[in-house]
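Chemist: Can you look at this prediction? I've put the sequence above it.
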Amino acid sequence: MAAVVEVQHLRKTYGSVLAVDDLSLEVEEGEIFGLLGPNGAGKTTTVECMEGLRHPDQGRIRVLGLDPSREPAELRRRIGCQLQEAALPDRIRVWEALDLFAALAPQAEPWRAVLERWGLAGKGGASFSSLSGGEQQRLFIALALINQPQVVFLDELTQGLDPAARRVAWDLVRSVRERGATVILVTHFMEEAQQLCDRVAVVDRGRVAAVDSPQGLISRHGGGLRVVFSVPAGQDVDWLKGVPHVSGVVRQGPRVEVAGDGPMLAHIGAALIAHGMEPADLRVEQPTLEDVFLRITRATPPERS
Amino acid sequence: MRPAVFAKLTWLEAKLFLREPLAVGFTIAYPVVVMFVIAGVFNRPGEEIRGVGGAEYYVVSNIAVVIAAMGLIALPPHAASYFERGVIRRFRASSVPATAVILAQAAVCFVVGIAATVVLLGAARPAYSYAFPPSLPGVVLGFVVGLISFLALGLLIAALFPTTRSAQSVGLVLFFPLYLISGAAPPLSVLPSAMRVVADFDPLTYAVRALQDPWFGYGITAMNLIVLTGLALASGAGAALLFRRR
């Protein structure tokens, strides 16, 4: 697959603050690519450089083969941006905003259809400042997509949305991808990255600490599987250490936690039956992306103090 | 950006301006109120200022109040708020350059300035008699150059003071002293000599004179237009430079 976005050795400082430090990544056509990291990790600076809103100090960026710093006009015809910390004039009406942004792109959809799609049908005449947080966010997403972009940047898409609205937004992102666009999603929500992203770059202190699918990150950096069950007091379970694929056993009162990898669960199940034990609560605890994230960012030592 | 898009943006800005009661009130109603009060006070038979009656003097001079209100009160907080709140970022990300948005705002202020002047002269007509200017092109020239130079100054204020509050405060703080010594409030002839020296450094003095000279029959004075053009160029260049750096 062709790379739609290429970033090589990006570096950006604000005064003495280093925001992005030698960051490189590639986004392939048609994927939903996540930039995941804590506040201040450099995610927003990175996408703003991709959007041509900021100019890198060093490094090379190509989006759809274009240099965002040199060809911003051509680039912006083909990308859509939903920005963190953006606003519209307080008294602008929803339809006026859609109408203006549609006029910028010859291929734009008519704004009435857009209103329907984004659940703003009754809000066409409402002023921007009278919209709820969720409605404003939906309007911004609609504006980002009105020119039928090939690449869409969504920066903290679900910030300020309640859980139900968040799920609606996720469905909308999936539908954007189904229309063939590539999506770059900035988030610090682990669940959001896990739900939506084909691949995730973990960004920490201005660098990419790891890139993989959410599942790949979990299996590579999640510290393996854990199988958990309960046993009656006094029951000996030391023999579990001899079961294939088991790397460790921890016993805390009735709770037994077995660490290992691969097809460990099947082997443990068989061994338990063979020992005449049938624990009702036998289960696998998967590490979450959050566990992975903490492990990766803790493992990378800070470069500077 | 295509001209049709700029026209749409400007039309939108015009609608937004008219939805701001404070801006509309200050730029359209305030000069009329000031004109009625001062022209009423000085409308005494036999007394002349710069060779015309007091009422005529103040009707004409209050056009400069419109100019100052547009440039110092209406435009700076409006333009600054767009930068402060992220409206400019939102527009830029969709390939509407900051300069286009700012120029659309200035264009709206220019048209509202013309409308406010028409309202001012129309409101004065039934109450006070004033002569039709002997040099209408001279008056129009002075008005256009004066309004453009104060709008440029307003953009410089917005560029220098990036928050709405600071741009608004600076505009107000400049507006009143510049107005009081410009000749649009007390005539320059009654100012103490020290204050008259300060008035020479007040750009509004030149805007007032650029309106008065051709209206009162003194013709077009090059000095007024040169100072105002210089202000327009310097402020415009400074604002463009500062806005580009944001």
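Modeler: Received, thanks.
Chemist: Isn't A:Pro68 up against A:Val47?
Modeler: No. A:Pro68 is beyond contact range of A:Val47, at 10.3 Å (criterion: Cβ atoms under 8 Å). To be clear about C-beta, it is placed using only N, CA and C from the backbone, and glycine gets the same treatment.
Chemist: if I've got this straight, A:Arg60 is in a strand?
Modeler: Yes. The assignment for A:Arg60 is a strand, going by DSSP: H, G, I helix; E, B strand; the rest coil.
Chemist: State the distance from it to A:Ser69.
Modeler: 10 Å (Cβ to Cβ, to the nearest Å).
Chemist: what do you get for B:Leu191?
Modeler: Counting by Cβ to Cβ - B:Leu191 and A:Ser69 are separated by 54 Å.
Chemist: more crowded one of the two?
Modeler: The neighbour count for B:Leu191 versus A:Ser69, taken as other Cβ atoms under 10 Å in any protein chain shown, is higher for B:Leu191 (17 against 13).
Chemist: got a list of what that one touches?
Modeler: Counting by Cβ atoms under 8 Å, 6 or more residues apart in numbering or on different chains, B:Leu191 touches B:Ile181, B:Ala199.
Chemist: And it, what's its pLDDT?
Modeler: You'll see B:Leu191 listed with a pLDDT of 91.
Chemist: Phi, psi for it please.
Modeler: Torsion angles at B:Leu191 (phi, psi; degrees, to the nearest 10) stand at phi -70, psi 140.
Chemist: Return the set of residues that bridge with A:Arg11.
Modeler: Beta-bridge pairing of A:Arg11 under DSSP bridges involves A:Asp21, A:Gln58.
Chemist: From A:Leu25, how far out is it?
Modeler: To A:Leu25, A:Arg11 is 14 Å away according to Cβ to Cβ.
Chemist: Equivalent analysis for A:Val47, please.
Modeler: 11 Å.
Chemist: and these two? which has more neighbours close in?
Modeler: With neighbours defined as other Cβ under 10 Å, A:Val47 and A:Leu25 compare such that A:Val47 has more, 23 against 20.
Chemist: Need the phi and psi values for A:Val27.
Modeler: Dihedral angles (degrees, to the nearest 10) for A:Val27: phi -120, psi 130.
Chemist: go on, A:Val7?
Modeler: Here is the backbone geometry of A:Val7 (degrees, to the nearest 10): phi -130, psi 130.
Chemist: May I have the beta-bridge partners of it?
Modeler: Taking DSSP bridges as the rule, A:Val7 bridges to A:Leu25, A:Ile61.
Chemist: Three-state assignment for the most far-flung residue of chain A relative to its centre, please.
Modeler: Farthest-out residue of chain A from its mean C-alpha position, per Cα atoms, centre = their mean: A:Gly234, at 45.8 Å. Put simply, A:Gly234 is coil when judged by three-state DSSP.
Chemist: Show the contacting residues for it.
Modeler: Contacts of A:Gly234 (Cβ under 8 Å, 6+ apart): none.
Chemist: Ok, the one 10 residues further on next?
Modeler: Residues in contact with A:Pro244, defined by Cβ under 8 Å, 6+ apart, are A:Met264, A:His267.
Chemist: what do you get if the cut-off is 10 Å, keeping everything else the same?
Modeler: Going by Cβ atoms under 10 Å, 6 or more residues apart in numbering or on different chains, A:Pro244 touches A:Gly260, A:Gly262, A:Pro263, A:Met264, A:Ala266, A:His267, A:Ile268, A:Ala270, A:Ala271.
Chemist: Based on its surroundings, how many neighbours for the second one?
Modeler: The tally of other residues near A:Gly262 (other Cβ under 10 Å) stands at 11.
Chemist: Can you list the low-confidence ranges for chain A?
Modeler: Counting by pLDDT under 70, the ranges of chain A that qualify are A:1, A:299-305.
Chemist: again, only this time at 80
Modeler: Filtered on pLDDT under 80, chain A yields the residue ranges A:1-2, A:159-161, A:222-225, A:233-234, A:262, A:286-289, A:297-305.
Chemist: Where do the domain boundaries of it fall?
Modeler: Residue ranges for the domains of chain A, per automatic domain parsing: A:3-213, A:224-276.
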